[in-house]
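> predicted model and sequence follow; I will ask about them next.
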Amino acid sequence: MDISVITVSFPLDGETLNELKSLCEEATLNDYRVYETIMNIPMASSFDSKGFMVLAYDDDKDVLVGAASAIDLMGLHTYEWSLVVTPLYRQKGIGTALVGGLQAGLDERGAEGQLALVIDGSPFGHAFIEKRGYTYSFSEATLETRAERVELRSDIEISPYAGEHAALMTIYSEAFGDLPEESEELIAFNTSTDGRKLWVARKDDMVVGTVTTVVENEIQWVTALAVLSTCEGQGIGTALLTFSKDFASENGAKYVMLDVEIENRKALSVYEKAGFMKAQQIDYFVKN
């Protein structure tokens with residue numbers, strides 16, 4: 001078996017994307033785990049995405065048998081990465097070769113940090129990553145619900161961001177513990193990246209919450225949901241989620257999805273009340 005490994009930067013060409021989709025579909029059918037999102041397939045064709053793929057081919061059969069994907073989501077030189085190998089080619093050293101190519105790619109790009117992502121329950125995933133010097137850090141659950149038209153609350157106005165900078169700085173600081181520069185970067189990223197919309201919620205003419213929606217084909221992601229601390233318990237988070245489902249349906253999405261740390265029981269309760277259910281869990285590992 002002759003395996004070659006190459007590295008390609010985003011955006012990927014259409015032929016390579018189709019090969020990756022086929023690879024992920026085969027692994028998904030075998031493992032009952034969804035790999036397409038964790039492998040950044042929806043973003044890999046965008047000129048706005050900062051990332052790369054390491055691809056392993058069986059040269060004898062001219063077929064893609066494994067891939068590692070790394071992406072710098074926030075443009076801060078911190079990469080999240082994951083890999084998948086087609087079932088028939090596992091435990092043949094391909095995963096190790098992919099990690100080697102990925103680390104070389106991270107070094108070339110001056111990466112200042114990295115997180116390795118593993119789908120909970122995927123074959124060999126946790127043992128493989130721990131043997132390569134990574135330690136478990138935290139887990140996020142991916143929750144989903146159907147996009148649908150729903151009745152919105154009349155006492156809460158939700159509209160696109162229009163310069164409510166100071167109010168969002170306060171909300172992000174309270175909700176996420178962000179430093180001012182981190183909140184600045186989050187606002188800039190969510191207002192300047194294609195497919196992202198930053199929304200602001202007002203009640204009695206006061207900014208009380210925020211959410212960002214992200215479009216990926218038939219899925220609309222929800223991120224950076226936060227409520228002013230003095231207004232918690234008033235249903236504002238639920239109103240923002242309800243709005244997100246309605247907005248997704250209006251714009252042709254079929255599903256609304258979000259990620260939440262599994263230790264955040266308070267947020268999980270809010271999401272479940274809004275009709276979101278756990279689809280799968282991603283475990284994050286840091287390099288020792």
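That came through fine.
> gap between the closest residue to S45 other than its chain neighbours and T28?
Closest residue to S45 apart from its sequence neighbours, by Cβ to Cβ, 6 or more residues apart in numbering: P11 at 4.9 Å. From N, CA and C alone the C-beta is placed, and that goes for glycine too. Distance, P11 to T28, using Cβ to Cβ, to the nearest Å: 23 Å.
> related to what we said a few turns ago, I figured the residue nearest to S45 hits F52, correct?
No. Using Cβ atoms under 8 Å, P11 is not in contact with F52, being 10.5 Å away.
> those two: which has the busier surroundings?
F52 (26 against 16; other Cβ atoms under 10 Å).
> show the average pLDDT along the biggest strand by length in the chain.
The strand that spans the most residues within the chain, counting by DSSP state E, is strand 134-146. For strand 134-146, mean pLDDT is 95.
> so which bits of that strand are buried?
134, 140-145 (16 or more other Cβ atoms under 10 Å).
> Three-state assignment for G233, please.
Classification of G233 by DSSP: H, G, I helix; E, B strand; the rest coil places it in coil.
> if we can go back for a sec, check which helices and strands the helix or strand that comes right after the longest strand of the chain sits against.
The element immediately downstream of strand 134-146 (helix or strand, assigned by DSSP states H and E) is strand 157-160. Applying 3 or more Cβ pairs under 8 Å, 6 or more residues apart in numbering; DSSP states H and E, one finds that strand 157-160 contacts strand 196-203, helix 236-250.
> any residues touching the longest one, and which ones?
The contact list for helix 236-250, computed with Cβ atoms under 8 Å, 6 or more residues apart in numbering, reads 145-150, 152-153, 156, 158, 199, 201, 203, 208-211, 213, 220, 222, 225, 227-228, 255-256, 270-271, 273-276.
> quick one, it and strand 134-146 angle?
Calculated by axes from the mean of the first three to the mean of the last three Cα atoms, to 10 degrees, helix 236-250 forms an angle of 70 degrees with strand 134-146.
> picking up where we left off before, mind giving me the PyMOL select for the contacts of helix 236-250, buried ones only?
Buried subset of the contacts of helix 236-250, written as a PyMOL selection, criterion 16+ other Cβ under 10 Å:
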select buried, resi 145+147+156+158+199+201+203+208+209+210+211+213+220+222+225+227+228+255+256+270+271+274+275+276
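> could you export the longest helix along the chain as CSV, CA atoms only?
Assignment by DSSP state H gives helix 14-31 as the longest helix of the chain. These are the backbone C-alpha positions of helix 14-31, laid out as CSV (Å, rounded to 0.1, in the frame of the first residue of the first chain):
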residue,chain,number,x,y,z
GLY,A,14,-14.7,21.5,-5.8
GLU,A,15,-13.2,18.1,-6.6
THR,A,16,-11.3,17.9,-3.3
LEU,A,17,-14.4,19.0,-1.4
ASN,A,18,-16.4,16.2,-3.0
GLU,A,19,-13.7,13.6,-2.0
LEU,A,20,-13.8,14.9,1.6
LYS,A,21,-17.6,14.7,1.7
SER,A,22,-17.5,11.1,0.5
LEU,A,23,-14.9,10.3,3.1
CYS,A,24,-16.9,11.8,5.9
GLU,A,25,-20.1,10.1,4.7
GLU,A,26,-18.4,6.7,4.7
ALA,A,27,-17.1,7.2,8.2
THR,A,28,-20.4,8.5,9.4
LEU,A,29,-22.3,5.4,8.2
ASN,A,30,-19.8,3.2,9.8
ASP,A,31,-19.4,5.0,13.2
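> could I get the pLDDT score of R109?
R109 is assigned 95 on the pLDDT scale.
> hang on, I meant N264
pLDDT at N264 comes out at 87.
> mind splitting the chain into its structural domains?
With domains defined by automatic domain parsing, the chain comprises 3-132, 144-280.
> mind exporting the C-alpha coordinates of the lowest-mean-pLDDT helix or strand in the chain to CSV?
The weakest-scoring helix or strand in the chain, judged by mean pLDDT, DSSP states H and E, is helix 265-273 (a mean of 88). What follows is helix 265-273, C-alpha atoms only, in CSV (Å, rounded to 0.1, in the frame of the first residue of the first chain):
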residue,chain,number,x,y,z
ARG,A,265,-26.1,23.3,33.4
LYS,A,266,-27.8,26.7,33.5
ALA,A,267,-27.5,27.2,29.7
LEU,A,268,-28.4,23.6,29.0
SER,A,269,-31.7,24.1,30.8
VAL,A,270,-32.5,27.2,28.8
TYR,A,271,-31.7,25.5,25.5
GLU,A,272,-33.8,22.4,26.4
LYS,A,273,-36.8,24.6,27.3
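> alright, calling it a day.
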